[in-house]
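Visitor: Here is my input; please provide its structure:
(2 chains)
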Amino acid sequence: MAPFPLALQDILGHWPAYLVYLLIGFAFGYVLEIGGFADSRKLAAQFYFKDLTVLKVMFGAIITAMVLIFLASGLGLLDYNLVYVNPTYLWPGIIGGLIMGVGFIVGGFCPGTSLVSAAVLKLDGIFFAFGVFFGIFLFGETVGTYEEFWNSSYLGRFTLPEWLNLPTGIIVLIVVVMALLMFWGGELLEKKVGKRDLAQEPKWRYRAAAAVIIGAVAVVAIGQPTTADRWTTIEPVEGARLANREVQIHPGELLDKLHDPTLQVIMLDVRSEADYNLFHIRDARHVPPTTLPEIIPALHEKPANMLIVVMSNDETAATEAWKLLRAASVPSAYILEGGINNWLATFSDEEFREMALKTNTTNDTLVYTFPSALGSRYEWAEPNPAHYTLTYTPKVKLEIKRGPGGGGCG
Amino acid sequence: MTTITTSATPKHAFKQRLLALVQRQARPYVHPYKAAILLGLVLFGAFFITGNGLGASGGINRLLVVIEDALYPSHVDRTAYLATMAGGESNPLDSWVVFVTIGLVIGGFTSGLVNGRLNITTNRGPHVPVKVRWVMAFIGGAFMGYGARLARGCTSGQALSGGAVLSVGSWAFMLAVFASAYALAYFVRKLWN
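Guide: Down below sits the predicted model:
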C-alpha cells in the first residue's frame, strides 16, 4: 500500500501529531506574508485588473500542488483515497461563495490572509479578523433556522474527473493549460491597466510553465492506479491473509461484535436482491457488487471504531467485494466465514434446516428454501447471544485510520 | 556555519541584533510566481504527509467556540452546529485545523519580523479615511466569516485545498467567490482607487 499519507497520530501520539500541523501552518503563514497577502491593497487590486498577484499565487499554487499530488498518486507513493477531498454541497457552497465575494471586495481580505495581516500588525487586518469572528458567531447562531438548505445538494466526494467522465490526467492537463492561459491574459491586463513593464518580468517563469506542463503530461502518461492495479500491489500481503483465513470471521464473532457497544459494525450484504429479501441479518445493508465502489468514500468517513463485514451466501462474492474494499484502502474489513449459509447453520433451529435444506446447490447460492420473503423478520436474523455458547478464534483487529482527521476547514 | 565570531559582550551584541531585526528596511515581496510555487509546495506537503489540506476559518471557528463554551456552555450544548465541536466533553481545540491556524499566525509574524514588515499601520485606498477603512474591514470580515461557514470552508480550505484535489464543489465555490467580487468591484471602487 502507498506509504503516504502517514498515520501521524499513531506515529507521534494524539497531541504531538498536531506539531506537524503547526509547522505546516507556519510555512503557510510565512509564504502568504512574503507573497504580499498581508496588504489589503494588493488583494483588492486584483479586482481592478491592476495587479493580479492573487490570481497568480492562488492558481499557481493549485496547479503546482495538483500536479505533484497526482504524480505521487500515479507513482504509488500517495494514496488518493486517503486524501481529504472537500465533499460537494453544491448550492450552500455557491451561495456561501457569493457572500464571501462581497466580503472580499468590501474588506480586502479572506480569513486566512486577514490573520497574517493581523500578525504583522496591520490594523485593517485586525478589524477584518474581528469581523470574521463576528460573522462566524452569527452563522453558528442562525444556521439552525435553515439547516435543511445547509445540508442540501450533497454530492459527497465528487471530483472533476468523475463529473466530466475523463481520465484524471487529462483533467490535470486541462486545468494547467487553463491556468497558464489565465496568467498570460493576466499579464496583458497588468500591462494595459496597471502600466506594468512586462520586460521586467523574470525569464524563469517560462521555464516554470514548461516544468508544470511536463509534469501534467507525465500525469497523463503514468495514469492513476485502477482498483486492479492496487490489488496487484497489495496482493502479497492481503492475498496471504485471505489464504491463511485471517480475515474470515466466525458467525459467533460477528454476533459478539454486533453486541459490542464500543464498535460500529457495518454489514454489507452483496448477494442478489431476491436472496436478500428472502433472508438477511438484521441491519445488514444490501449492496450489489456493482454499486460497492460508490459507497467507499462514505466508509472512509466513518470513525476509527468502524468494523466492516461483507457477506454472500458462501464466500466467493464476499471475497471479491473484500478485495475491492482493501484495494480502496478501507480499513478493518472482514468476511463472514461460510457466508449466510453458515450463519443459518449456526443460528437457525435444526427443524428448519432439515425441512428447508435444498439438495444439489451450486457454489455461493442459498442452500435453504424460504417459504416467504421475510427479510430480517426471522428470529435468526437477530439471534440472542445469551442463547448460544460458541467457541471460535477471534480474528478482528481494528486498524489505525490514516489520512484526514475529518473536515477540510472543519 | 564556517566561522564563529566571538564577541566580548555577547549580551550587547544580541540586543543590537534584535533592534536591527525590528528596525530593518522592509524587503520587497517575492515575485508572485515564486510565492505560487512555494505555496503549492506547502499545500502538496500538507496533503502528502497528513492527507489534509490547509485551512483557516475552521480554526477561527473553533477558537471562537472555546470562548462561547467558557461563557455559555449550556447554549453550546443546545445549538446543534456548536455542539458538534464543543458539546459535552469534546474539546474544540482537538482538531488539526486549529494548529494550522495558530501556525499561520506565527508564520506570518515571523516573516514580518525577518523581512522588516512588522509595523502598525492601516492599509487603505488613497481616498478612504482610516476609520472608514476599519468599519469596512469589519463588515467585510463579517461577510467573509458568515459565507465561509455556509460554504464549509474559506479561500484556503475550499478553494486552494479542494481545488488542488479536484473537488467539483470547491471549483464551483471558487468561481462564485471571484464572480461575486468582480461583479461588485465597480460599485465599491472608491474604497480602493
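
Visitor: list the contacts for residue B:109?
Guide: Counting by C-beta atoms under 8 Å, 6 or more residues apart in numbering or on different chains, residue B:109 makes contact with A:29, A:119-120, B:118. All C-beta atoms are positioned from the backbone trio N, CA, C, and that covers glycine.

Visitor: now do residue A:326
Guide: Counted by C-beta under 8 Å, 6+ apart, residue A:326 has contacts A:231, A:234, A:238, A:333.

Visitor: What pLDDT does the model give it?
Guide: pLDDT, residue A:326: 92.

Visitor: Then the one 3 residues further on?
Guide: For residue A:329, the model assigns a pLDDT of 86.

Visitor: Could you report the distance from it to residue A:401?
Guide: Per C-beta to C-beta, to the nearest Å, residue A:329 is found 10 Å from residue A:401.

Visitor: which of the contacts of residue A:326 tops the neighbour count?
Guide: The most neighbours of any of the contacts of residue A:326, using other C-beta atoms under 10 Å in any protein chain shown, belong to residue A:333, which has 22 neighbours.

Visitor: if I look at it, how far off is residue A:324?
Guide: 10 Å.

Visitor: Next: residue B:28.
Guide: 54 Å.

Visitor: Single out the residue in the stretch 1-150 of chain A that lies closest to chain B.
Guide: residue A:107 (1.7 Å; C-beta to the nearest C-beta).

Visitor: Skipping its backbone neighbours, what lies nearest that residue in space?
Guide: Of all residues not flanking residue A:107 in the chain, residue B:140 sits nearest, at 1.7 Å (C-beta to C-beta, 6 or more residues apart in numbering or on different chains).

Visitor: phi, psi of the one you found?
Guide: Main-chain torsions, residue B:140, degrees, to the nearest 10: phi -60, psi -40.

Visitor: The residue of the stretch 1-150 of chain A closest to chain B contacts residue A:129, correct?
Guide: No. Contact criterion C-beta atoms under 8 Å: residue A:107 and residue A:129 do not qualify, at 10.0 Å.

Visitor: Looking at these two, which is more packed in?
Guide: residue A:107 (30 against 26).

Visitor: For the stretch 1-150 of chain A, give me the ranges with low pLDDT.
Guide: A:1 (pLDDT under 70).

Visitor: thinking residue A:341 is in contact with residue A:366, fair?
Guide: Yes. The criterion here is C-beta under 8 Å, and residue A:341 meets it with residue A:366 at 6.8 Å.

Visitor: intersection of neighbour lists for the two?
Guide: residue A:313.

Visitor: Looking at those two, which one has more neighbours?
Guide: residue A:366 (22 against 19).

Visitor: Check what pLDDT that one gets.
Guide: 88.

Visitor: residues in contact with it?
Guide: A:271, A:275, A:278-279, A:313, A:340-341, A:358.

Visitor: hmm, 10 Å instead?
Guide: A:271-272, A:274-275, A:278-279, A:312-314, A:339-341, A:344, A:356, A:358 (C-beta atoms under 10 Å, 6 or more residues apart in numbering or on different chains).

Visitor: List buried residues within those residues.
Guide: Neighbour-count burial within the contacts of residue A:366 applies to A:271-272, A:275, A:278-279, A:312-314, A:339-341, A:344; the criterion is 16 or more other C-beta atoms under 10 Å in any protein chain shown.

Visitor: Columns secondary structure on top of those, output as CSV?
Guide: Shown next, in CSV, are the buried ones among the contacts of residue A:366 (DSSP: H, G, I helix; E, B strand; the rest coil):
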residue, secondary structure
A:271, coil
A:272, coil
A:275, helix
A:278, helix
A:279, strand
A:312, coil
A:313, coil
A:314, coil
A:339, helix
A:340, helix
A:341, helix
A:344, helix
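
Visitor: could those be laid out in a markdown table, adding pLDDT?
Guide: Shown next, in a markdown table, are these (pLDDT from 0 to 100):
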| residue | pLDDT |
| --- | --- |
| A:271 | 93 |
| A:272 | 92 |
| A:275 | 91 |
| A:278 | 90 |
| A:279 | 91 |
| A:312 | 94 |
| A:313 | 92 |
| A:314 | 92 |
| A:339 | 92 |
| A:340 | 92 |
| A:341 | 91 |
| A:344 | 90 |
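
Visitor: want to throw those into a markdown table with distance to chain B?
Guide: Formatted as a markdown table, those follow (distance: C-beta to the nearest C-beta, whole Å):
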| residue | distance to chain B |
| --- | --- |
| A:271 | 33 |
| A:272 | 33 |
| A:275 | 36 |
| A:278 | 39 |
| A:279 | 38 |
| A:312 | 32 |
| A:313 | 37 |
| A:314 | 36 |
| A:339 | 34 |
| A:340 | 36 |
| A:341 | 39 |
| A:344 | 41 |
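
Visitor: quick check, nearest of the residues you listed to residue A:258?
Guide: Closest approach between the buried ones among the contacts of residue A:366 and residue A:258, by C-beta to C-beta: residue A:340, at 14.9 Å.

Visitor: Surely that closest one and residue A:313 touch.
Guide: Yes. The pair residue A:340 / residue A:313 is scored as a contact, 5.3 Å apart, by C-beta atoms under 10 Å.
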